[in-house]
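J.: got a sequence here, can you model it:
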Amino acid sequence: MKDRIPQDRLILSRLFVKMLPVQVAIVAMGSINSIVDGVVAARFIDAGTVGVIGLYYTMMRVLEAVGAILIGGISVLSGKALGAGEIRKARGVCTLGLVLATVFGGFLTLVSVAAPYTVANLIGANDALREALVTYIRGYAIGILPMLWSQLLAGNLQLEQQEKLGHAGIIVMIVLNVALDIVFVAVLHLGVWGLALSTALANWGYFLVVVQYYFTEKAQLKPSLKLVAWGDTIPLLRIGFPNALLVFCLAFRSLVINRVLLSSAGEDGLSALSSFNLVSGLILAVALGAGGLVRMLASVFLGEENRESLLSMMRIALTQVMAAMLLISVAVILLAPVLAGVFFPDRNSQVFEMSRQLFFIYGFCIPMSYLCILYSNYFQAAEHRVFVNIVSIMDGFVSMVIPAVLLAPVMGVMGVWLSFPIGLVITLTVCFLYPVIRLRRVPRSLEEFLLLPPEFGTGTHLVLTIRLLEEVAQTAQRVQHFCAENGLSRKLGAHVGLCLEELAANIVSHGFHGDRKAHAIEIRVIPGAEGTVLRMKDNCVPFNPKEWYEMSYDQNDLISNVGIHLVFALATEVSYQNLLGLNVVTVRLSDTQGK
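T.: From the prediction side, this is the model:
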């Protein structure tokens, strides 16, 4: 049986608001640098250099693909491990991600330095832009590794509620890039080399800011080569593969669309699309950030088997975040001339008009893009791999390229621009049909649309909430009855109740009165063949009972914190983590312990 409790959507909403800016910043990091480079290039070099940066955008897609694989796989595997209370496994997965980032990033750096002409030809350089593009490739190479490392570390900072450090890293990166662009390009006249070098050094600045936290004792996900989860390499890559597939499809799409534009609209069409590509990452940063956050939180809630929080999170994403996306959509539509003018100040030029048209049309596409991103990230966390791969191919290539190829010969550049909304309608249709095909009928609820198994989160476990000290003893008795009702021995039930009472009383006494916030403890009791799990989650100040136990034990002080000593004597394992700003204590007990 299970006692259902209403989940506090306000807490989840605040968590979304708190975590989303860092996710947005992680997504927008590359776009911000590219926008700065594009503006400086257009103002201090020439408009053709914007095309160089636009061509390198394909290489950026490759880098994003590597990061997407690792971030996607780490987010799901570490999130589920943390949700299940397995902190060492989560550390091993995060360390594995950094090792793989070093290998892949090192390879791409070597290729960029040793064979820049090959890279330039692969990403579509013509004779006029090849030398400038080669220079940009070489200069950017030294920033590839810190870019990948920073993305992974910044994502982990969110799980440890260190958003301020992530914000500081982004500020340092932007300030460095702007300052160095001005110095290298406007003052020292280093041209394309200066543009690339400033971005690479800005990536290093961001990395040096975020990495410092992992040298502190507070870091729970501190990398450790001793814990590398080598066995999770294939699962990590398999889970993250749809992200990379999407990025590679987008890169291939860029190659095709670039050629379509050159044949139907010339270099002006290519420059207009390049200006859009530089800004599109920033326009969609909230959507992509929300998608990444949904994937992260969904992985944690799936690991916890927390049906209520999972559904509440999706409702927030479909309402509050969607409202924000509608506002962004309106802003882009109204500001289309301003966005085009950032790169092309001459409003009478053909390239300005093409750019303005693209921004205006894409403004209507933003809500549809968000829905595609949201559902693909959720189903990635739920490990619906085939569907996510299909959506990646459709959204990244097929849905847009076919309309563009068909319409461009007839409508010119406008045919390419219209392929954006047409492609999104096609992809959303695929997203809607997937649950219809799986259920063999139209979904009747959000749960059905998300294809949540009926048994998910409704198994044999108990969920209770404590808000007052007076409720502690009553809850402990309720837990003992639950254990007896599910065939556990009287002794084990008594031990579970006693551990709950000791820990909960300590949390209420010392954690509920330190501020004016409303506090609560969520209790979960999960019986299993290998023992019973007691999981306690609260929103008080960080408190690690394991540290207090080890401290008093080292000082030979067995009288202080006697309740905590009793818990450790009865349990087979006690673990603590501060997950998403909440204290999570996991106690595992069995009949063989505490005799």
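
J.: and Val210, what does it touch?
T.: Ser150, Leu153, Ala154, Leu157, Leu165, Gly166, Gly169 (CB atoms under 8 Å, 6 or more residues apart in numbering). Quick note: C-beta positions are derived from backbone N, CA and C, even for glycine.

J.: what number of residues are in the vicinity of the closest residue to Glu383 other than its chain neighbours?
T.: Closest residue to Glu383 apart from its sequence neighbours, by CB to CB, 6 or more residues apart in numbering: Ile239 at 6.8 Å. Ile239: 24 surrounding residues under other CB atoms under 10 Å.

J.: now the nearest residue to His495 once chain neighbours are set aside: how far from Ile437?
T.: By the measure of CB to CB, 6+ apart, the closest residue to His495 outside its immediate chain neighbours is Leu570, 4.7 Å from it. Counting by CB to CB, to the nearest Å, the gap from Leu570 to Ile437 is 50 Å.

J.: okay, those two: which has more neighbours?
T.: Set Leu570 next to Ile437 and count neighbours by other CB under 10 Å: Leu570 wins out with 20 against 9.

J.: that one and Leu589 touch, don't they?
T.: Yes - under the criterion of CB atoms under 8 Å, Leu570 makes contact with Leu589 at 6.4 Å.

J.: tell me the residues that contact both of these two, please.
T.: His495, Cys499.

J.: so which strand or helix has the residue nearest to Glu383?
T.: helix 233-264 (DSSP states H and E).

J.: helices or strands next to the next helix or strand after that helix in the packing?
T.: As assigned by DSSP H and E, the chain's next helix or strand after helix 233-264 is helix 266-283. Judged by 3 or more CB pairs under 8 Å, 6 or more residues apart in numbering; DSSP states H and E, the packing partners of helix 266-283 are helix 9-44, helix 47-83, helix 233-264, helix 336-343, helix 350-363, helix 413-439.

J.: helices or strands next to the following helix or strand past helix 266-283 in the packing?
T.: Next helix or strand after helix 266-283 toward the C-terminus (DSSP H and E): helix 285-304. Under the contact definition 3+ CB pairs under 8 Å, 6+ apart, helix 285-304 sits against helix 9-44, helix 47-83, helix 144-159, helix 307-334, helix 366-381.

J.: may I see the buried residues of the helix holding Ile239?
T.: By neighbour count on 16 or more other CB atoms under 10 Å, the buried set for helix 233-264 is 233, 236, 239-251, 253-254, 257-258, 260-261, 264.

J.: angle of it against helix 266-283?
T.: Here helix 233-264 points in a direction 140 degrees away from that of helix 266-283 (axes from the mean of the first three to the mean of the last three CA atoms, to 10 degrees).

J.: show me what contacts Phe449?
T.: Contacts of Phe449 (CB under 8 Å, 6+ apart): Pro435, Pro443.

J.: check what pLDDT it gets.
T.: pLDDT, Phe449: 91.

J.: how far away is it from Tyr375?
T.: For Phe449, the distance to Tyr375 - CB to CB - is 9 Å.

J.: also Ser271?
T.: For Ser271 relative to Tyr375 (CB to CB), the value is 34 Å.

J.: what do you get for Ala120?
T.: Taking CB to CB as the measure, Ala120 falls 37 Å from Tyr375.

J.: and if you look at Ala219?
T.: Taken as CB to CB, the span from Ala219 to Tyr375 is 33 Å.

J.: just Gln350 next, same as before
T.: 38 Å.

J.: which one of those two is surrounded by more residues?
T.: Higher neighbour count among Gln350 and Tyr375: Tyr375, with 27 against 16, using other CB under 10 Å.

J.: tell me, how many residues neighbour Asn323?
T.: One correction, residue 323 is Ala, not Asn. Ala323 has 10 neighbouring residues, counting by other CB under 10 Å.

J.: same question for the one 10 residues further on.
T.: Ile333 is flanked by 15 other residues according to other CB under 10 Å.

J.: doesn't Leu534 belong to a strand?
T.: Yes - using DSSP: H, G, I helix; E, B strand; the rest coil, the assignment for Leu534 is a strand.

J.: so who does the residue nearest to Ala381 when sequence neighbours are not counted touch?
T.: The shortest distance from Ala381 to any non-neighbouring residue, by CB to CB, 6+ apart, is to Ala298 (3.8 Å). When contacts are counted by CB under 8 Å, 6+ apart, Ala298 touches Gly79, Leu310, Met313, Asn377, Tyr378, Ala381, Ala382.

J.: try it again with 7 Å
T.: By CB atoms under 7 Å, 6 or more residues apart in numbering, Ala298 lies in contact with Leu310, Met313, Tyr378, Ala381, Ala382.

J.: from Ser275, how far out is the spatially closest residue to Phe276 that is not a sequence neighbour?
T.: Once flanking residues are discounted, Phe276 sits nearest to Leu358: 5.0 Å by CB to CB, 6+ apart. Going from Leu358 to Ser275 by CB to CB gives 8 Å.

J.: please apply the same query to Cys483.
T.: 64 Å.

J.: so which of the two has more stuff around it?
T.: Counted by other CB under 10 Å, Cys483 and Ser275 do not tie: Ser275 has more neighbours, with 30 against 24.

J.: nearest spatial neighbour of the more buried one, skipping sequence neighbours?
T.: Distances taken as CB to CB, 6+ apart place Phe343 nearest to Ser275, at 4.1 Å, with adjacent residues excluded.

J.: number of residues surrounding the one you found?
T.: If we define neighbours as other CB under 10 Å, then Phe343 has 24 of them.

J.: cool, Gly423 as well?
T.: Gly423 - counted by other CB under 10 Å - has 25 other residues nearby.

J.: may I have the phi/psi pair for Val541?
T.: The phi/psi pair for Val541 (degrees, to the nearest 10) reads phi -60, psi 150.

J.: try Val585
T.: Here Val585 shows phi and psi, under degrees, to the nearest 10, equal to phi -110, psi 130.

J.: for stretch 385-399, list the C-alpha coordinates in PDB.
T.: The C-alpha trace of stretch 385-399 is given here as PDB (Å, rounded to 0.1, in the frame of the first residue of the first chain):
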ATOM      1  CA  ARG A 385      15.900   5.400 -27.200                       C
ATOM      2  CA  VAL A 386      14.300   4.500 -30.600                       C
ATOM      3  CA  PHE A 387      11.800   7.300 -30.400                       C
ATOM      4  CA  VAL A 388      14.400   9.900 -29.400                       C
ATOM      5  CA  ASN A 389      16.700   8.900 -32.200                       C
ATOM      6  CA  ILE A 390      13.800   9.200 -34.700                       C
ATOM      7  CA  VAL A 391      12.900  12.700 -33.400                       C
ATOM      8  CA  SER A 392      16.600  13.700 -33.600                       C
ATOM      9  CA  ILE A 393      16.700  12.700 -37.300                       C
ATOM     10  CA  MET A 394      13.400  14.300 -38.100                       C
ATOM     11  CA  ASP A 395      14.000  17.600 -36.200                       C
ATOM     12  CA  GLY A 396      17.700  17.800 -37.100                       C
ATOM     13  CA  PHE A 397      17.500  17.000 -40.800                       C
ATOM     14  CA  VAL A 398      14.500  15.500 -42.600                       C
ATOM     15  CA  SER A 399      11.700  17.800 -41.500                       C
END
